[in-house]
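Asks: I would like the atomic coordinates for the input below:
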Amino acid sequence: MSLTQDLAQFAAKMQDQLPADAKAVMAKAGNEIAQLGIEDQSLKVGDVIPSVTLPNALGESVAVQDLLKAGPVVIAFYRGGWCPYCNMELRALQQVLPAIKAQGAQLVAIAPETPDNSLSTQEKNDLAFEVLSDVGNQVAREFGLVFTLPEYLRPLYQSFGIDLEAYNGDSSFELPVPATYVVDATGTIVHAFVNVDYTQREDPDNIVAALQQLA
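Replies: A predicted model of the protein is given here:
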């Protein structure tokens, strides 16, 4: 199955397991986040990405603009290693990493987690690409992807065992919406996927296809 199919199947399973009151709270939050206009306001095809320099899972500085000197870069914004949908996406990206590299491209994933938590995410999913820490969502904000988790939703996250303050090293409760960009060597976005529905991610096949068109 494709990542899209796997995510849909997993989302349906999760919906079956959630209590009705939890479903209602999450649906309310989803509607509010959808009304923020993030999909319209975020960077799009034809835009040039801002400067991106972030620490990787080992705390070493990685500059995307340096990576672009060697060719295209795929940038995947995810919420964090606590998110099962994110882990499914990261593992799917790992599976197509050889195909991405075959197009002369590199892959980086970005989340607001601290480097220590990014390292845990990288190790847990056995990832062979850079996992960068955007603590404070500074880069995600420049891409137009950031929202604040509604206050009424936070206790539900806590009940799921998700401590965002611990994962992200701050008390902002800010997250990026899932987004994937294919960026050419000039820093121009040639393919973009932004979706406020956290259960939806760009299918890796579409990423590879975008790179093949670029080549």
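Asks: where exactly do the helices run in this protein?
Replies: Counting by DSSP state H, the chain has helices at residues 3-17, 20-34, 38-41, 64-68, 84-102, 115-124, 138-142, 154-159, 164-168, 204-214.
Asks: Just put those in TSV and tack on mean neighbour count, distance to residue 175 and mean pLDDT.
Replies: Any C-beta I mention is one placed from the backbone N, CA and C, and that applies to glycine too. Compiled in TSV, those are given as follows (neighbours: other CB atoms under 10 Å; distance: least, CB to CB, whole Å; pLDDT from 0 to 100):
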stretch	mean neighbour count	distance to residue 175	mean pLDDT
helix 3-17	13	18	94
helix 20-34	13	9	95
helix 38-41	15	11	96
helix 64-68	18	20	98
helix 84-102	18	11	98
helix 115-124	19	14	96
helix 138-142	18	8	98
helix 154-159	13	10	96
helix 164-168	18	8	97
helix 204-214	18	22	96
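Asks: Residue 185 is nearest to which of the ones you listed?
Replies: helix 64-68 (5.3 Å; CB to CB).
Asks: Could you report the separation of the residue most central in space within the chain from residue 155?
Replies: In the chain, the residue lying closest to the centroid (CA atoms, centre = their mean) is residue 78, at 1.9 Å. According to CB to CB, to the nearest Å, residue 78 stands 23 Å off from residue 155.
Asks: Over to residue 36?
Replies: In terms of CB to CB, residue 36 sits 21 Å off from residue 155.
Asks: Same question for residue 31.
Replies: Where residue 155 is concerned, residue 31 sits at a distance of 19 Å (CB to CB).
Asks: Equivalent analysis for residue 205, please.
Replies: Residue 205 is 38 Å from residue 155, by CB to CB.
Asks: hmm, back to that, if we compare the helices of the chain, which one ends up closest to residue 54?
Replies: helix 138-142 (6.3 Å).
Asks: From the contact counts, what lies against that closest one?
Replies: Where contact means 3 or more CB pairs under 8 Å, 6 or more residues apart in numbering; DSSP states H and E, helix 138-142 is not packed against any helix or strand.
Asks: how about that helix as PDB, C-alpha atoms only?
Replies: Written as PDB, here are the backbone C-alpha positions of helix 138-142 (Å, rounded to 0.1, in the frame of the first residue of the first chain):
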ATOM      1  CA  GLN A 138      11.400  30.000  13.600                       C
ATOM      2  CA  VAL A 139      11.900  28.400  10.200                       C
ATOM      3  CA  ALA A 140       8.400  27.000  10.000                       C
ATOM      4  CA  ARG A 141       7.100  30.400  10.700                       C
ATOM      5  CA  GLU A 142       9.000  31.900   7.700                       C
END
